Each structure stands twice: as structure tokens, then as C-alpha cells.
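J.: here you go, sequence then predicted model.
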Amino acid sequence: MFVSDTHLPQLLENRHYSDPEIHEQELRQMFQPGWHCLAAWDQFKNDGDYLTAELFGAPLILWRRQDQIRAYLNVCTHRFSLLTDQPQGCFKSHMKCQYHGWEYDDDGNTCKIPDAQSFRPLKKGELGLKEYRVEMVGQLVFVTLDPNAPPLQEYLGPDLSHLCSERFSRQHHITYMFDRVHPCNWKIVIENLLESYHIENVHPKTFKRFPVPEHCTHTFHDTYDYYIHDYQDEPDNASAERFVCRLTGQPLDLKWRHILRYPNIAVGGSGPYYYFLIVFPVAPDACRILSYTMHYAGPRGKWWPFLVHRALKRYGTYIGRQINREDAAIYPGIQIGNTSQERPHGGGLISAREERIFAFQKHILAQLAKANA
């Protein structure tokens, strides 16, 4: 059952979804000091593969060297051009600037400068790329811009670290990747993830109906909350999972699990499918969602798990796209309504089923208070 037995008040005001000053406070207080997932190991197929990304104004390049991913500022130390503006590629031995051809080694040090004598005098080690901390849990690649950030597993917390290690390991396959900017404040997306009250109306063909309250539990912690829906007594939800578990050899666990690590990291799923989602504020009225759904099809390298993988990927991609389309269609209207200067009489109610939103909003207000202290 839910923790609350009555409805709760809406704590955030319309300005919290539209004010540029609040947006900047959130970035400084909650986002820039944190860890952010920017990639998955399966996106780096070969040694030397790279991806580029932007994190709160910092252009980054993530580069695979042997069994490690390293992150550098994607800016050449010569005259500050981007090293590359390609979204992905391969630097087999050295990173090379696309503008003047300066090259950098595994540690970001300059190793080749065309016409080097014209730059004299230069001391060895004087010039090089700025490097950022990278840590991984399972396949997920996290970067932080803050040199004083705690270790990743400490930041995520024990429940989320365990779930990520177990459900996004290198034995798992990427089912479906979603990366899109939406015209709404980032909190709109998080609040939508935290409640099941909308699913009968927004997701009638996918989730279909509300979870049974007696089968749901919410637990709240300082930096995250944890929701579990035990559906072992709901046979129409359990039959497909039993079949897939027999195929893959996975233990049967008839529970939907969902964790939100405040402010912007969510993991949820059951059976063969789990998704990892992170929301990045782009502007007061825009955010980027990056999400990986992964599945386990059996041991890699065997012929029958490959067939199971193809089937799970096809079905999971179909469902993932459908859910994302349904949510994307509703976000603009939620943003407009939440930022309207005119309001209906009363309202602003959070049901007991939506109590995770109340805890999330309390956390946001506490963090903003710290930013203004």
C-alpha cells in the first residue's frame, strides 16, 4: 500500500517550471555537482571508438582505450576548435584535431604538433586536453564535471547501484535507445515517471490499467525513492515473463521495480526488460531525455540466445517507441498548463498514488533553499 492515506498538496509553483533564475539555481545546486550517464559500453564496439556529447555547456569526447572509457573536453588546446564535430567515430591511436591536425595521446598530452618549431618555446607537458572523471556501473558510462563529486556507487546509493549492475551488465543487449529534446521543463518528465495515475488515459494500449494499490510499496530515502509493484497474483501480467525466463534461464521475479535517484536518474522494469533514463535540463522550458532499454537473452556467443535477442529487441523496440510517443504527445500541454498565469479554482492536488511526486517536490524545494542560503 501507499504511505499516505490522503491526498497531498502541490508544492511547486508555475515559476518553478519557467523561471530562468530557478533554472540556473537548479543547474548549480543539483546538476553540475552530480554524475551523469552519457553512453553505454555497447556503443564502443572497438578500441579507439569515440562518442561526442555536451554536458551543461561543456563539449566532451568519450574515447575507448582498451577496456576503459576516458572523457576529455572536446576542445583543442591550440586555438580552441572542437577536436571533432562528428557524433561518433574512431581514433585508432591518437586523437586528432580536425582544424590544424594537433594530436593527443591516451592521457590527453600533445604528441604531435605540425610545424612544431614555429611554436617554440614550449615546455613538455605544458599543453594538453582537460580530462574529466569517468566511472561505470554495468555498461553505463557516467561522467562528472565536479572533481569533488563522491564515488559513483556512493552517489547512486546501494539499491540503484545494485539494480544497474544486475540489469545493465555486459551480458545484456541494448534493446532500444531514445535520445530526444522535449519542449517542457525537466521536472515535468520526472513527475510523469513517478506516478501511475495517468496510464489508463495516456497508455491504454501498453500499460493499460492502474497497478493494484495493495500490490504496491513506496519507500523514501534522503536521495532517492523506490517503488515496487508485486504482480505475482496478476496472471495476465506474469504469463509472458514466465515464458521468457524459461528461455533465458533468468530467475523468475514477478516485480516491477522503479527507482528515482534525485534529481534526474530513473531505472525501472521487470522480467527481461529494464530501462535507464536520465533527464538533462536544456532551458526552463526544454529538456533532453537519454534512455537505454536493455534485455538479457541468455549467454552471448550461443546461437539460440541470438534468436531470443532478435525477438526481444524487436518487441521491446516496438513497445518503447509506443510509450515514448504517448508521453511526448502530452508533455507540451502539461508545460503550458503548469506555467499558465491564470489558474482554475482550487486544484493542485497530488493523490496518494502520486505521493512520490510530493517527495520529489520537497527535495527540489530543499535544494533550492540551499542554493539561496
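T.: Arrived safely.
J.: is residue 175 in a helix, a strand, or coil?
T.: Reducing the assignment to helix, strand or coil with DSSP: H, G, I helix; E, B strand; the rest coil, the entry for residue 175 is strand.
J.: is it correct that it is in contact with residue 293?
T.: Yes: counting by Cβ atoms under 8 Å, residue 175 does reach residue 293; the two are 4.3 Å apart. In short, each C-beta sits where N, CA and C put it, glycine included.
J.: got any residues that touch both of those two?
T.: A shared contact of residue 175 and residue 293, defined by Cβ atoms under 8 Å, 6 or more residues apart in numbering, is any residue touching both; here these are 273, 316, 320.
J.: just among those residues, which is most surrounded?
T.: Of all the shared contacts of residue 175 and residue 293, residue 273 has the most neighbours under the rule other Cβ atoms under 10 Å, reaching 22 neighbours.
J.: tell me how far that one lies from residue 292.
T.: 11 Å (Cβ to Cβ, to the nearest Å).
J.: what do you get for residue 167?
T.: Using Cβ to Cβ, one gets 10 Å for the distance from residue 167 to residue 292.
J.: and if you look at residue 59?
T.: As it turns out, when the distance is counted by Cβ to Cβ, residue 59 lies 22 Å from residue 292.
J.: who's more crowded, these two?
T.: Counting neighbours by other Cβ under 10 Å for residue 59 and for residue 292 shows that residue 292 has the greater number, 25 against 16.
J.: mind listing what's buried along the helix or strand harbouring the more buried one?
T.: In this assignment (DSSP states H and E), residue 292 forms part of strand 286-295. Of the residues in strand 286-295, those buried under the neighbour-count criterion (16 or more other Cβ atoms under 10 Å) are 286, 287, 288, 289, 290, 291, 292, 293, 294, 295.
J.: swap in stretch 106-124?
T.: Buried residues in stretch 106-124, counting neighbours by 16+ other Cβ under 10 Å, are found at 108, 110, 113.
J.: what does stretch 220-227 give?
T.: For stretch 220-227, the neighbour count (16+ other Cβ under 10 Å) marks 224, 225, 226, 227 as buried.
J.: between the two ends of it, how far is it?
T.: Its first and final residues considered, stretch 220-227 spans 9 Å by Cα to Cα, to the nearest Å.
J.: next one: it to chain centre, how far?
T.: Its chain's C-alpha centre and that of stretch 220-227 lie 17 Å apart, by Cα atoms, centre = their mean, to the nearest Å.
J.: let's have the chain start at 351 instead
T.: Noted, 351 is the first residue going forward, which turns the last one into stretch 570-577.
J.: contacts for that stretch?
T.: With contact meaning Cβ under 8 Å, 6+ apart, stretch 570-577 is reached by 353, 507, 509-510, 544, 566-569, 607-612, 706, 709-710.
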